[in-house]
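In: Just to be clear, the model below is a prediction. Sequence and coordinates:
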Amino acid sequence: MSTSLKDPLGGPPALLMVPAVVAVLLLVVPLAAMVAATDWPGLPAQLRTEPLREALWLSILTSTIAVAFCLVLGLPLAWVLARLEFRGRTLLRALVTVPLVLPPVVAGVALRTAFGRTGVLGEPLLDLTGFGFPFTTWGVVLAHVFVSLPFVVISIEGAFRSADPEYDVAAATLGATRWTTFRRVTVPLALPGIAAGLVLGWARSLGEFGATITFNGNYPGVTQTMPNLIYVTRQSDEDAALALSLVMLIVSVGVLLALRDRWLGTPGART
């Protein structure tokens, strides 16, 4: 081999390679074991069951509605965090990211305290309209928005920050208002990052379990999403739970493929 092809930094040290390989195995082996343990001959029958169709449709529907709310609410909030200088911005960003580190069950308890039928906001809403969020499909959407919105906001804020603010300044010198600049300059420049944030939020919503089941229970066709169905099925039918889990794995891989250029490198960077 020509010496010009050798890495000038030398070979990778074993002290780095060994734990790196262990990390890869730790992440990949459980997924591979799940795929291998799946009852493939019986898989088609498992996937044709009515509970699966209902749960999958409910998961897709609620996740899509939730990410639409995340766009409407998260896009302005991300712009505020990225473009405005004001006292308390650091605190606001910290508060926005709190749901990222909350245990899911705690998120569900927080939602029940605020939006439950006797909650701070839920009780007045119930008295005025007769509508309550808990144990309804809209309650599932609310739980999904709560856990997904921070992912969307942080991702879009990063996209806004990566877009050179000098373009905003140039638009302002040409007479554009801040709203026009936002619509015609800022958002188009950050559009790939916005799309990636929405896909990430949708995937987070699709996999939400703890807050959803704590706040809404597990009622088939109403609040039973795919993670909830997997949880209850696992207690009685291992093969069915594996089949349901495989569906979620396929969806997750699909999300990674959708985000490959954003998170896994650009085509030009691949060798």
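Out: Received the coordinates, thanks. Given the structure is predicted, the values throughout are model-derived calculations rather than measurements.

In: Helix, strand, or coil at residue 184?
Out: Under DSSP: H, G, I helix; E, B strand; the rest coil, residue 184 falls in the helix class.

In: can you give me the helices for the stretch 51-200 of the chain?
Out: Remark: helices assigned in the stretch 51-200 of the chain by DSSP state H, counting those that start in this stretch are 89-101, 104-115, 122-129, 137-162, 166-173, 178-181, 187-206.

In: Residue 77: which of the ones you listed is closest?
Out: Closest to residue 77 of the helices of the stretch 51-200 of the chain, according to C-beta to C-beta: helix 137-162, at 5.3 Å. Glycine gets a C-beta too; all of them are placed from N, C-alpha and C.

In: For residue 223, find the nearest of the helices of the stretch 51-200 of the chain.
Out: helix 137-162 (5.3 Å).

In: tell me the angle of the closest one relative to helix 187-206?
Out: 140 degrees (axes from the mean of the first three to the mean of the last three C-alpha atoms, to 10 degrees).

In: elements contacting helix 137-162?
Out: In terms of contacts (3 or more C-beta pairs under 8 Å, 6 or more residues apart in numbering; DSSP states H and E), helix 137-162 is packed against helix 50-83, helix 89-101, helix 104-115, helix 187-206, helix 210-216.

In: Could you single out the most deeply buried of those?
Out: Highest mean neighbour count of the helices and strands packed on helix 137-162: helix 210-216, a mean of 24 (counted as mean count of other C-beta atoms under 10 Å).

In: Can you get me the start-to-end distance on stretch 120-133?
Out: Criterion C-alpha to C-alpha, to the nearest Å; first-to-last residue distance in stretch 120-133 is 13 Å.

In: ok so, going back, will you turn the helices and strands packed on helix 137-162 into JSON lines that also has distance to residue 150?
Out: Below are the helices and strands packed on helix 137-162 laid out as JSON lines (distance: least, C-beta to C-beta, whole Å):
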{"stretch": "helix 50-83", "distance to residue 150": "9"}
{"stretch": "helix 89-101", "distance to residue 150": "5"}
{"stretch": "helix 104-115", "distance to residue 150": "11"}
{"stretch": "helix 187-206", "distance to residue 150": "9"}
{"stretch": "helix 210-216", "distance to residue 150": "12"}
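
In: give me every residue that touches the residue lying closest to residue 58 once chain neighbours are set aside.
Out: Nearest residue to residue 58 in three dimensions, chain neighbours excluded: residue 225, at 5.6 Å (C-beta to C-beta, 6 or more residues apart in numbering). Residue 225 makes contact with 55, 58-59, 62, 140, 208-209, 212 under the criterion C-beta atoms under 8 Å, 6 or more residues apart in numbering.

In: Output those as TSV; include the columns pLDDT and distance to residue 170.
Out: TSV is the format used below for the contacts of residue 225 (pLDDT from 0 to 100; distance: C-beta to C-beta, whole Å):
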residue	pLDDT	distance to residue 170
55	91	50
58	94	47
59	93	44
62	95	41
140	96	44
208	91	41
209	92	46
212	93	45
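
In: pretty sure residue 209 contacts residue 232?
Out: No. Counting by C-beta atoms under 8 Å, residue 209 does not reach residue 232; the two are 11.2 Å apart.

In: Name the residue in those two with the higher neighbour count.
Out: The residue with more neighbours, out of residue 209 and residue 232, is residue 209; 18 against 15, by other C-beta atoms under 10 Å.

In: For that one, give me phi and psi.
Out: When read as degrees, to the nearest 10, the backbone of residue 209 gives phi -130, psi -60.
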